[in-house]
Each structure stands twice: as structure tokens, then as C-alpha cells.
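Trainee: What follows is a predicted protein model with its sequence.
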Amino acid sequence: MIDMLTRHAIQVLRQAGHDQADVARLIGVGVRTVRRVEGEPDVTHIDDATERAQRAIGRPAKAEPYRSVIAEILAQEPDLLSVEILRRVKLKGYDGGKTALYDLISAIRPKTIRPLVRFEGLAGEFSQHDFGQVDVRFLNGSEKRVHFFASRLKYSRWVEVTLVPDERTETLVRTFVDHFAAIGGVPLLAVFDRPKTVALKWARDGHVTEWNPLFAGVALDLSVGIEVCWPAAPWQKGSIENLVGWVKGSFFKQRRFVDDADLLQQLGEWRTEVNTERPCRATKVIPAVRLEEERSRLRPLKVAPVDLAVRVPIVVGPTGEVIHDLHPYSMPPDAIGIAGTLYLYRDRVRIVAGRFEVTHERKFQPGEGSILPEHRAQHVAAVSGKRAKRYLQREHLLQLGPDALAYLTELTHRRPQVWLRDIDRLHSLLATYGDDAMRAAFARGVQEHAIGAEYITHFLAGAVTTPAPIAGDSTGHLIDRVSLLGQSVRSSFGRAELPFDPPSATANAAPRGGRVEAAAGARRAGAKRRASTRASTALPFDADGGRS
């Protein structure tokens, strides 16, 4: 079919006095076409698709003879599935494809147009919440995609917007509660779209059959009702359905930023402006004024943001650890296999499994975990066999990081007969001084090539003035811990003090041979007592830690 604009050009040229041959040459069509278009009514529109449908151009579809049959079926059952209509039409002789028939059914089926209802919420009735993302531009020409979470009260139009690192469920619920705390109360209903962070499954009629358990637990804590809308269904959201779009257009796309700090500062200034200075276009009233009216209808926030705990079901693993977000958290060995709940706070983790309850500092760095000293001792005590205990102790030490791995690898190869004895002493030092001090001592030992538990003991004694209490120490007095440390030193060197004169104890840059002088009183098996030994850290102990 010749498009409508070409038909219009033919008609204009003929009206201007050009003969049919000239028009055909100028337009690039045949003379017969010019003659036919000249006899048509004047072109009044350029909608080619509509004109093509009216002219019924092309070969008729094989389903077209069954139009009346389909119309009769739909008149009786307007909601009948297309597949059932296809089955019935085939019984009447239709042998074409389903695509042509489905197109015809779609054209004939009555269309239901839902009315767009705008409604105004009452004071303290509704709030709307949604995630958004936008690419912001900085003055240096760079761009960055940022995520934000927006909340708005329907009655007063008070808005809260917070930049967030991601759009996960925990981020949603924490920012959700932060916004209610900033507003000063909780409405009756919170309206969301239908993200997986809120609802997991729903029926055909839209009724939610499975809520996200992390979100549902927080909703119960707050005693707030949740309303979810169908995606892309603005008629279900009232007059504030385009909250995210409004935030983008009113703030992010109107401004430029120097850096991230400037972005946060401008966001705070903009939030103050739209809430306390600028009248809302819908209500013609400043949101802060209407918020004073609405605040009496808001309910008190039952859970402060700092006390908000996201509940995560867990089972204590066979290693006596609970893994959350790839971070292991230790539990007593008697809790292995018990199901429980992990309460996730902003800065800590509380695990309840049966009669056991443990609190850890929350970890965020990849691969980082939290193993409590008392749990190390309990796990070692629960293991049967001396060698099994030593290997478990080594695993506890290896969890301190790459310096510990390098140090213990070197220790195992240098002292293949006695490394078990060193592991026992290092594990005791770990319980006494803690993780950070041991990491620093291992790092120094690797740097100075000072391999052996006696060197770690010396580094800790010189660097730490007040060690942490030893697990199981009933007195809690420093003198008891120091005496215990002294006994460990005497068992290795025969003296209460550490007679370290080697350069490794005083200078980091000394050569290896000068640092490996044995402590006073040390001797090799079967040899006479000497003031110093050759460059080896092997000491005269058997594999079980006793003097040979």
C-alpha cells in the first residue's frame, strides 16, 4: 500500500495543474496509481496502519471465516481462555495455526477499561515506600549509579530519601524503620510495589500467599499493616504512585555534584526544602504544616533503629559454627545440629539455639569470622585424641589470617617432630592475648623469620602489657596469668625470665644467623650444653611436648 503522505503529495500535485505523467515521474509511481489516487477522497490523516486495516489489504487470514463463531462464543463467555476457543473452533473445521486465531480473538474480545481513581488518604492512614536507582553526574564529568530508598506520607506529603548500598531485604527494613523514626511515628498501612524483598508468591487475584520472612518479622515488630500493589498498576497507588520518578526529576536530574559528600549534603538540603519550605503542588500546603496535624494520628515506633533485629532461621553446623552471609560465628560444641534463630543487628549478631545463646560482633569484611575464645577451648576439650586436639588447635590459629598460615607452614616444615608442642603453646597464647595480638606477633615472626612458639611468646610479652583473661581463669587476677605465663617460659628455657639477647629481639634488620641463638639453658638432644647453636630453631622436645 502506498503510504498516506505519498497519496497526499499526488493529490496536491494534481490540484496544482501537473498532468498525470509528470506526477508519476516526480513521485516515482505509475500513471495508473496516480489516476487511482486522484479519484480517492482527500487525505485527512497519515495513520498508515489504520488505513491498511480499513482497506483490508493483503490475503485474508484463514481464521477470518470463523469471526462470527468466535464473536458468538465471546458474547456468551467473555473471559473464556483462548486455548478453549481454539479447541471449539477446530471442532467446526478450522485447520489453521493458533497465532492467527489468537490475533482474531484478541481483536474481538471485549476490552475492560479500568477507571483511574484518585483518592486522598486520611491523616496517619497511608505511607508509600519504594526503591529507586539513578545515574548521577559529577562536575569532573564522571557518572555513578546510586540506589536510594524513598518514603512518603500520603496525607502530609512529608518525604524521606536515603542513599543505600543495595536493594536487599535487610537494607529495606532498616531504612524503612529509620524513616519512621525520622518522621516520628508509624501509620496504619505501608504501601509497597510487589518486590521479592516484600512478597515471594501470590495468587492470580493478587492475594499474597507467601511473604518474605525477613520482612514479615519486622512488620510484626512494628505492628504496621502492609499493602502491596500490582507492578505497573498506578490506579492502585493513588496520587503518589510516581514517588521514585518525582525524586529523580526533582533532585537527582536537576543537580550536579562535586563528590559523594556533596551529594549527601545537597540531598539533606533538598529534603529540608521540600518538607519545610516549599508548598506541595497537590495540597498547596507545606508538608511540615500538615505533618503537625497528622502526627497525633501516627502510632509510636515500637522498635528503635538501633534495636531492630532481622530474624534469620539457622542450624548450628557440624563444625560448631553458624554461617551467615559467608561469615562464620562460633557456637558451643553442645549446640551442634540444633536449629535456632540468628538475630541480626546493625553492629552485632545474637544466636539462640535451644538453651544456648551467644552474641558476636558483626563482621562485614569478606571471609572474616568471629570465634569466641571460650568456644575454642570447649571445642578442643570436646575432641577425643591428643593429635586430633592439636590439629583442631592449629585450625583455630589458621583462622587468624594469611600471616598465621605462612608462619604455621614454616613451623611445620622446620620442626616436623615437635610442631605439635608449639601449637599447644600458641593456642594457649591465643586464649590469653586474643586474636589481634596474635596476628601482629605472627606478622612480626614472618618478617623476621623467627619461627617457634618461644619467639611468639617473647613478642607478646614485649608488646602487650595487659593480656586478656585466660578462658577458665576463675581468679581473674593479672598475677595469676603472669605466673602461668612464667611457668610456660620456664618449661622451655629453664628460667623465669626470657633471656633473649639475639638481635631479633632488639633489631628487625639483623641477619638470620645472628638471631637464632638459643636461649640460655637450651640444649640439643645428646649434645653438651652450649652457649649457642647452629642456625636451627629445632629444640630438644619430643612430639608430645616433653623434654627428651
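Mentor: Looks like it arrived, so ask away.

Trainee: Name the residue closest to the centre of the chain, please.
Mentor: Arg168 (4.4 Å; C-alpha atoms, centre = their mean).

Trainee: Identify the residue nearest that residue in space, chain neighbours excluded?
Mentor: Thr197 (6.9 Å; C-beta to C-beta, 6 or more residues apart in numbering). From N, CA and C alone the C-beta is placed, and that goes for glycine too.

Trainee: list the contacts for that neighbour?
Mentor: Contact analysis of Thr197 by C-beta atoms under 8 Å, 6 or more residues apart in numbering lists Glu167, Arg168, Thr169, Leu172, Asn212, Phe215.

Trainee: So which of these is the closest to Glu277?
Mentor: Minimum distance to Glu277 across these is 29.1 Å, recorded for Leu172 (C-beta to C-beta).

Trainee: The closest one and Leu398, how far apart?
Mentor: Using C-beta to C-beta, to the nearest Å, we find Leu172 at a distance of 37 Å from Leu398.

Trainee: Send me stretch 332-350 as PDB with only the CA atoms.
Mentor: Provided in PDB are the C-alpha atoms of stretch 332-350 (Å, rounded to 0.1, in the frame of the first residue of the first chain):
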ATOM      1  CA  PRO A 332      29.400 -24.200  71.900                       C
ATOM      2  CA  PRO A 333      30.100 -27.800  70.700                       C
ATOM      3  CA  ASP A 334      27.000 -29.000  72.500                       C
ATOM      4  CA  ALA A 335      24.800 -26.800  70.200                       C
ATOM      5  CA  ILE A 336      25.900 -28.700  67.000                       C
ATOM      6  CA  GLY A 337      22.900 -29.700  65.000                       C
ATOM      7  CA  ILE A 338      20.300 -27.600  66.900                       C
ATOM      8  CA  ALA A 339      18.000 -25.300  64.900                       C
ATOM      9  CA  GLY A 340      17.600 -21.800  66.100                       C
ATOM     10  CA  THR A 341      17.400 -18.200  65.200                       C
ATOM     11  CA  LEU A 342      20.000 -15.600  64.300                       C
ATOM     12  CA  TYR A 343      19.100 -12.100  65.300                       C
ATOM     13  CA  LEU A 344      20.900  -9.700  63.000                       C
ATOM     14  CA  TYR A 345      21.500  -6.200  64.400                       C
ATOM     15  CA  ARG A 346      23.500  -3.400  62.800                       C
ATOM     16  CA  ASP A 347      26.600  -4.000  64.900                       C
ATOM     17  CA  ARG A 348      26.200  -7.400  66.400                       C
ATOM     18  CA  VAL A 349      24.800 -10.900  65.900                       C
ATOM     19  CA  ARG A 350      22.800 -12.800  68.600                       C
END
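
Trainee: Buried residues of it, list them for me.
Mentor: Under the neighbour-count criterion of 16 or more other C-beta atoms under 10 Å, stretch 332-350 has Pro332, Pro333, Ala335, Ile336, Ile338, Gly340, Leu342, Tyr343, Leu344, Val349, Arg350 buried.

Trainee: Output these in a markdown table; the columns should cover secondary structure.
Mentor: Formatted as a markdown table, the buried residues of stretch 332-350 follow (DSSP: H, G, I helix; E, B strand; the rest coil):
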| residue | secondary structure |
| --- | --- |
| Pro332 | coil |
| Pro333 | helix |
| Ala335 | helix |
| Ile336 | coil |
| Ile338 | coil |
| Gly340 | strand |
| Leu342 | strand |
| Tyr343 | strand |
| Leu344 | strand |
| Val349 | strand |
| Arg350 | strand |
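
Trainee: out of those residues, who's nearest His324?
Mentor: For the buried residues of stretch 332-350, the minimum distance to His324 (C-beta to C-beta) is 5.7 Å, reached by Leu342.

Trainee: Name the secondary structure element that contains the closest residue to the closest one other than its chain neighbours.
Mentor: Leaving aside its chain neighbours, Leu342 sits nearest to Val312 (4.3 Å; criterion: C-beta to C-beta, 6+ apart). In this assignment (DSSP states H and E), Val312 forms part of strand 310-315.

Trainee: which residues touch that strand?
Mentor: So strand 310-315 is contacted by 169-170, 173-174, 213-214, 217-218, 322, 324, 337-344, 351, 353 (C-beta under 8 Å, 6+ apart).

Trainee: Equivalent analysis for stretch 28-35, please.
Mentor: Residues external to stretch 28-35 that are found in contact with it (C-beta under 8 Å, 6+ apart): Ile2, Thr6, Ile10, Arg14, Gln20, Ala21, Val23, Ala24, Ile27.

Trainee: In the stretch 101-250 of the chain, where is pLDDT below threshold?
Mentor: Scanning the stretch 101-250 of the chain for pLDDT under 70 picks out 113-120, 230-241.

Trainee: residue ranges for the helices of it, please.
Mentor: 169-183, 213-222, 243-250 (DSSP state H, counting those that start in this stretch).

Trainee: Which other helices and strands does the last one contact?
Mentor: By that I understand helix 243-250. strand 126-137, strand 143-153, strand 159-164 (3 or more C-beta pairs under 8 Å, 6 or more residues apart in numbering; DSSP states H and E).

Trainee: please redo it, this time with the cut-off set to 10 Å
Mentor: Helix 243-250 makes packing contacts with strand 126-137, strand 143-153, strand 159-164, helix 260-276 when contacts are defined by 3 or more C-beta pairs under 10 Å, 6 or more residues apart in numbering; DSSP states H and E.

Trainee: buried sites along the third one?
Mentor: Meaning strand 159-164. Using 16+ other C-beta under 10 Å as the test for burial, strand 159-164 gives Val159, Glu160, Val161, Thr162, Val164.

Trainee: got JSON lines for the residues you listed, with distance to Gly132 too?
Mentor: Below are the buried residues of strand 159-164 laid out as JSON lines (distance: C-beta to C-beta, whole Å):
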{"residue": "Val159", "distance to Gly132": "12"}
{"residue": "Glu160", "distance to Gly132": "13"}
{"residue": "Val161", "distance to Gly132": "9"}
{"residue": "Thr162", "distance to Gly132": "11"}
{"residue": "Val164", "distance to Gly132": "10"}
